[in-house]
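Colleague: need a 3D model of the sequence below.
(chains A, B, C and D)
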There are 2 protein chains.
Amino acid sequence: MDSSQLLKGVLDLAVLAVLADRDGYGYDVVRRLREAGLEDVGDASVYGTLRRLFRAGALTSYVVASDEGPHRKYYGLNDVGRSLLDTSAKTWRSFADTMNDLLKEVPSS
Amino acid sequence: MDSSQLLKGVLDLAVLAVLADRDGYGYDVVRRLREAGLEDVGDASVYGTLRRLFRAGALTSYVVASDEGPHRKYYGLNDVGRSLLDTSAKTWRSFADTMNDLLKEVPSS
DNA sequence: GCACACTACTGTGCAATGCACAATAGTGGC
DNA sequence: GCCACTATTGTGCATTGCACAGTAGTGTGC
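Modeller: Numbers count the residues shown, from 1 in each chain, chains lettered A, B, ... in the order given. Presented below is the predicted three-dimensional model:
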């Protein structure tokens, strides 16, 4: 099973969760998601998600120059983003519970 | 957050899990999924998923006449389907664990 | 100086899939 | 006859993750 389809609709949540910890720029968010276990996440997906969330008014954005490469566009949560994170996390937990319940007859291995 | 996006890539798994319990026809699978907590699942999604899984060789299919309405096209798991269910369930559990870990800093309410 | 690797962002176009909606059709109650 | 419920199929759309290409800055090794 391709885990890329599992990400649909959850990448927003994952990105919000990562940014809740601390502000980050695209390349950095990709790295943090992969370290967290989402190893197959594509960089274009993350950049796209950040832009979408920003356009939706959930993120702040500011550019910082770097002396180790190109400039970095940092993103951070604002109130809309924090509230989106809360409700999305709630929706996710309830959904995951439902799925786990459905799967309780399926042997773990 | 629209839970419809959460279903992406998971509806296959949910349908397989429901059919693992016992064979079922489309309309019945929709009802069982809704009773299980997936209240917003669309009927066209389920019919589409059943056809897709059948085309992929994971399901058997047979038509049964009904005296309470139109005929019913039953679907059931074959070996491919059972193996798909196992690996998909494993992928889901690992993915859900990763997400829950990412969300552990987010207050539950 | 130049090739290359790593960092970092943007844009285009595609594939997968859940869903709305319409059409078809059988049964039964009023 | 009309309507509600059951049951399946097909069309077309919206969302979204991703591959890929392009641009660009920094540092390393030759």
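
Colleague: ok, the most centrally placed residue in chain A to DNA strand C distance?
Modeller: By C-alpha atoms, centre = their mean, the mean C-alpha position of chain A lies nearest to residue A:15, the distance being 1.8 Å. Shown here: residue A:15 relative to DNA strand C, a distance of 13 Å by C-beta to the nearest atom of the strand, to the nearest Å. All C-beta spots, glycine's among them, are computed from the backbone N, C-alpha and C.

Colleague: list the contacts of that residue.
Modeller: For residue A:15, the contact set (C-beta atoms under 8 Å, 6 or more residues apart in numbering or on different chains) comprises A:29, A:33, A:46, A:49-50, A:53.

Colleague: which two of these have the greatest separation?
Modeller: A:33 and A:53 (14.0 Å; C-beta to C-beta).

Colleague: any idea how many residues pack against the residue of chain A found nearest DNA strand D?
Modeller: Residue of chain A nearest DNA strand D, by C-beta to the nearest atom of the strand: residue A:45 (3.0 Å). A count of neighbours around residue A:45, defined by other C-beta atoms under 10 Å in any protein chain shown, yields 16.

Colleague: and what of residue A:28?
Modeller: 16.

Colleague: now do the one 10 residues further on
Modeller: Per other C-beta under 10 Å, the neighbour tally for residue A:38 reads 22.

Colleague: what does residue A:10 give?
Modeller: 25.

Colleague: what does residue A:79 give?
Modeller: Number of residues near residue A:79 (other C-beta under 10 Å) recorded here: 9.

Colleague: please report the distance of it from residue A:53.
Modeller: As judged by C-beta to C-beta, to the nearest Å, residue A:79 and residue A:53 stand 13 Å apart.

Colleague: check whether the lengthiest helix in chain A contacts chain B.
Modeller: Across chain A, the longest stretch assigned as helix under DSSP state H is helix A:79-102. Yes - against chain B, helix A:79-102 shows contacts by C-beta under 8 Å from any C-beta of the partner chain at A:84-93, A:95-102.
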